[in-house]
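Undergrad: Build me a model from this:
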Amino acid sequence: MSQYSVYKNENKSSKKTYPFFVDVQSDLLDSLNSRVVIPLSLSEAMNNINVKNLCPIFEIGDKRYILLAHQMTSIPASLLKKNVGSLENKRYEILREKRKFESEIEAMKKHILEKERRIKRLKDRLLELEKELDESLSKLEKILNTSIDRP
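TA: Predicted coordinates for the structure are as follows:
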């Protein structure tokens, strides 16, 4: 298996949406039983105009396909049976999309970490407020009990 090879998707449940996969895994990792791939979808099947504007389009045969880098995934190598060509000559476009996707993932991870930190700070503050409220209620009960005990 070589990097940038295009394989026909033989999976009955997904081949209509993603007729092809582009193998983007380095050949140095050929010994693994899985491959990192990016699905290709028919350009005309995509209704989202933003996807068409953001993702590169490649021709395979007489049809145009969109490289969906944001759906990059790993699949068993055994599913990649029918090699139908190569996009080696488009490697820089594919790498650019792959790197863009990876940097978006990193940005999302940072965003999630910051949100988790904020949630932790809010939980800690909530616990502090709960403790203060308990203390205030306890003081108020003492005051009320003291005033009730007086004639």
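Undergrad: And stretch 96-115, what's buried?
TA: In terms of neighbour count (16 or more other CB atoms under 10 Å), stretch 96-115 has its buried residues at 97-98, 101. The C-beta positions use only the backbone N, C-alpha and C, and glycine is treated the same way.
Undergrad: Kindly reformat those residues as TSV containing distance to Val6.
TA: Shown next, in TSV, are the buried residues of stretch 96-115 (distance: CB to CB, whole Å):
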residue	distance to Val6
Glu97	15
Lys98	15
Phe101	18
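Undergrad: now, which of those residues lie within strands?
TA: Nothing among those maps onto strands, per DSSP state E.
Undergrad: Tell me the one of these nearest Ala77?
TA: Lys98 (18.6 Å; CB to CB).
Undergrad: Locate Ile66 within the secondary structure: which element?
TA: Ile66 is part of strand 63-67 when elements are defined by DSSP states H and E.
Undergrad: quick one: strands adjacent to that strand?
TA: strand 34-42 (antiparallel), strand 57-60 (antiparallel) (DSSP bridges).
Undergrad: Most tightly packed of these?
TA: strand 34-42 (a mean of 21; mean count of other CB atoms under 10 Å).
Undergrad: What mean pLDDT does that one get?
TA: Averaging pLDDT along strand 34-42 yields 91.
Undergrad: And for stretch 125-143?
TA: If you average the pLDDT over stretch 125-143, you get 93.
Undergrad: same question, stretch 66-85
TA: Mean predicted confidence for stretch 66-85 is 88.
Undergrad: what helices or strands is the helix of greatest length in the chain leaning on?
TA: Secondary structure of the chain per DSSP state H: the longest helix is helix 91-149. Applying 3 or more CB pairs under 8 Å, 6 or more residues apart in numbering; DSSP states H and E, one finds that helix 91-149 contacts strand 34-42, strand 63-67.
Undergrad: try 10 Å this time
TA: Packing contacts for helix 91-149, counted by 3 or more CB pairs under 10 Å, 6 or more residues apart in numbering; DSSP states H and E, involve strand 20-23, strand 34-42, strand 57-60, strand 63-67.
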